[in-house]
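*Asks:* starting from these lines, generate the structure:
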Amino acid sequence: MKTGKKIAEHPVKTKKPGNDLVTVAKYGNAMEAHLASTKLQSRKIKSYVFDENLISLMPVYDIGLGGVRLKVKENDLDKASKLLGEKVRGSFWAPKPLVLATHLFSAWVFGIFLTIAVLMFFWLKNYF
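*Replies:* Model prediction:
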């Protein structure tokens, strides 16, 4: 016979309507998203920045992921969108041409570097 406290196996989770997080805006980098988040938090609107670390580490992914996302609670969506001046639904973040060119160039340079490294590895392998 086991003794001790009885622990609930499945805790009851209550879901309050309006507490879901929704995307209010998308940005090209984490700095812009944090500036917008600070603007919202100064007006007592809690906001959260998503995908900032992934995009900071691999900037090429920002096009595929749609940028750094700023999310707020569903109840605060209207206030936040008015404060930021963003189109809420159906907004699509598109990179600026210079940002896109920079990312494509950096991917091209990385590809050339990787190709040279692989060729040198196989070339030097014959001498050692």
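*Asks:* and Val24, how far from Glu32?
*Replies:* Using CB to CB, to the nearest Å, we find Val24 at a distance of 13 Å from Glu32. C-beta: built from backbone N, CA, C; applies to glycine.
*Asks:* please say which of these two ends up with more neighbours.
*Replies:* Using other CB atoms under 10 Å, the more surrounded residue of Val24 and Glu32 is Val24, with 26 against 15.
*Asks:* what's Val22 in contact with, if anything?
*Replies:* Taking CB atoms under 8 Å, 6 or more residues apart in numbering as the definition of contact, the neighbours of Val22 are Lys71, Val72, Lys73, Glu74, Leu77.
*Asks:* narrow those to those that are buried.
*Replies:* Among those, those classed as buried by neighbour count (16 or more other CB atoms under 10 Å) are Lys71, Val72, Lys73, Leu77.
*Asks:* just confirm the last one is within a helix.
*Replies:* Read that as Leu77. Yes - remark: Leu77 belongs to a helix, assigned using DSSP: H, G, I helix; E, B strand; the rest coil.
*Asks:* longest helix of this structure?
*Replies:* Determined from DSSP state H, the single longest helix within the chain is helix 97-125.
*Asks:* in terms of secondary structure, what does that one contact?
*Replies:* Helices and strands in packing contact with helix 97-125 are listed as helix 61-65; criterion 3 or more CB pairs under 8 Å, 6 or more residues apart in numbering; DSSP states H and E.
*Asks:* how far off centre is the helix or strand that comes right after the helix it packs on?
*Replies:* The helix or strand immediately downstream of helix 61-65 is strand 68-73, counting by DSSP states H and E. Centroid separation for strand 68-73 versus its chain: 9 Å, with CA atoms, centre = their mean, to the nearest Å.
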